[in-house]
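A.B. asks: dropping a prediction and its sequence here:
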Amino acid sequence: MLDAFSYLSVLLSVILGLAIAQVLQGYRALALNRRKVRLYWPSLVWSAIILAMVAQHWWASFSLAGRGDWSFAAFAAILIQTALMYMMAALVLPDIPADEPIDLRDHYFRERLSFFGVAAAAIGWSMVREWVLEGRLPEPANLAFHIVFIVMSMIAMASPREGLQKLFAATSAIIFTVYIALLFARLG
């Protein structure tokens, strides 16, 4: 017999697996169509960040294993955050149409508002999730990272400047790595 967390985590794991598959299928499509693809490194950096985010979300969810008082609201809070992460994975790389050239830069700027809007929503929802599950906002260091990522996402939405987008991708990769190292290095 499954405990409540094991039962609820099945659906979350499926969605996280789909997010990983979405990014990996994007990589496969880029590799198979490499002769007609114009790469853009910020798109590839963001796709790697998303894979790390999905892994971090799955890793951090282990801390919920001991929780015994599950409500639909608590489950929905986690489910919504997981779905938003999937949407980021779905937006980061384009579908590859047959016999058409692919320009990752064009895709990046075409989907910039949607991608960073979903990113801001996912990060903001993470704070809502903490409130629903724990009755409080994240701990100060975690909250600071949340605020930094939300502000950066909103700036990325507001500014079409390529230099800023490149800086944001590189900086986000560094900040997210530090975030994981400082706050989620150990399981539990």
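C.D. replies: Here it is on my side, so go on.

A.B. asks: pLDDT weak spots in the protein?
C.D. replies: Where the chain drops to pLDDT under 70, the residues are 1-2, 186-188.

A.B. asks: can you give me the helices in it?
C.D. replies: Counting by DSSP state H, the chain has helices at residues 4-32, 41-61, 72-92, 104-134, 140-158, 162-183.

A.B. asks: contacts only, for residue 18.
C.D. replies: Under the criterion of CB atoms under 8 Å, 6 or more residues apart in numbering, the contact list for residue 18 reads 86, 89. Using the backbone N, CA and C atoms, a C-beta is placed for each residue, glycine as well.

A.B. asks: start the count at 326 instead of 1 going forward.
C.D. replies: OK, 326 is where the count begins now, so the last one is residue 343.

A.B. asks: any idea how far it is from residue 377?
C.D. replies: For residue 343, the distance to residue 377 equals 17 Å [CB to CB, to the nearest Å].

A.B. asks: and residue 480, by the same measure?
C.D. replies: 21 Å.

A.B. asks: cool, residue 423 as well?
C.D. replies: 31 Å.

A.B. asks: of those two, which one has the most company?
C.D. replies: residue 377 (14 against 5; other CB atoms under 10 Å).

A.B. asks: name the nearest residue to the more buried one, sequence neighbours excluded.
C.D. replies: Nearest residue to residue 377, sequence neighbours excluded (CB to CB, 6 or more residues apart in numbering): residue 501, at 6.2 Å.
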